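One predicted model, sequence on top.
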Amino acid sequence: MKESVCSDRPKGFGLIEVMVALFVLTFGLLATGQLFFIASGSGSLAGSKGSAAIFAQNTLESLAALYQQNPSAEDLAPGGHGPREFQATNPADETVLNRYAVSWIVSPVPDPRPAKALDAKLVRVTVTPISMGGASNNRLPFNKTLQIATIFSPTMR
């Protein structure tokens, strides 16, 4: 005959243990959700900055070509110019991906030598994401303003 062994320990999990496990699981899932949000925002930001960099580079290249033809052109006069609006479209279905306002500031290049002047122009191009109405659209994980600067000088002609 077998004797039954009686144990004083209850079998299974207690209420406190289940609540602690649910608490840990809940915060783990919340952290995972945030991770997915950040990852999707990073991809969108990279695409937006890539498009903005292309528009800034194209603007600088067209201004450089204009400088080579006519350094005293109106678009190269000292001061602010623009904004000009551009949009990036999906080549597959022609949907608009991003809209940008491109503006630039032209200023003389300071010469550190006293009483000397450089025959060069500092050009700063700013690309700002905009919404359909033309208002600035800087939503932090998705869009950012981009600035690129260069110097045009007679040696590049």
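Looks like it came in fine.

hey, where'd the helices end up in the chain?
Taking DSSP state H to define them, one finds helices in the chain at 15-69.

which stretches of it aren't confidently modelled?
1-10, 134-143, 156-157 (pLDDT under 70).

Buried residues of the biggest strand by length in it, list them for me.
If you go by DSSP state E, the chain has its longest strand at strand 96-108. Neighbour-count burial for strand 96-108, counted by 16 or more other CB atoms under 10 Å, picks out 98, 99, 100, 101, 102, 104, 105, 106. In this view, the C-beta of every residue, glycine as well, is placed from N, C-alpha and C.

Quickly run through the sheet partners of that strand, with directions.
Take DSSP bridges as the rule and strand 96-108 pairs in its sheet with strand 79-89 (antiparallel), strand 121-129 (antiparallel).

Show me what the longest one is in contact with.
Think strand 79-89. If you take CB atoms under 8 Å, 6 or more residues apart in numbering as the criterion, strand 79-89 is touched by 51, 54-55, 59, 75, 95-106, 128, 130, 134.

Distance from the chain centre to that strand, please.
16 Å (CA atoms, centre = their mean, to the nearest Å).

Run the angle between that strand and helix 15-69 for me.
With axes from the mean of the first three to the mean of the last three CA atoms, to 10 degrees applied, the angle from strand 79-89 to helix 15-69 works out at 120 degrees.

mind listing what's buried in strand 79-89?
Of the residues in strand 79-89, 81, 83, 86, 88 count as buried by neighbour count, 16+ other CB under 10 Å.
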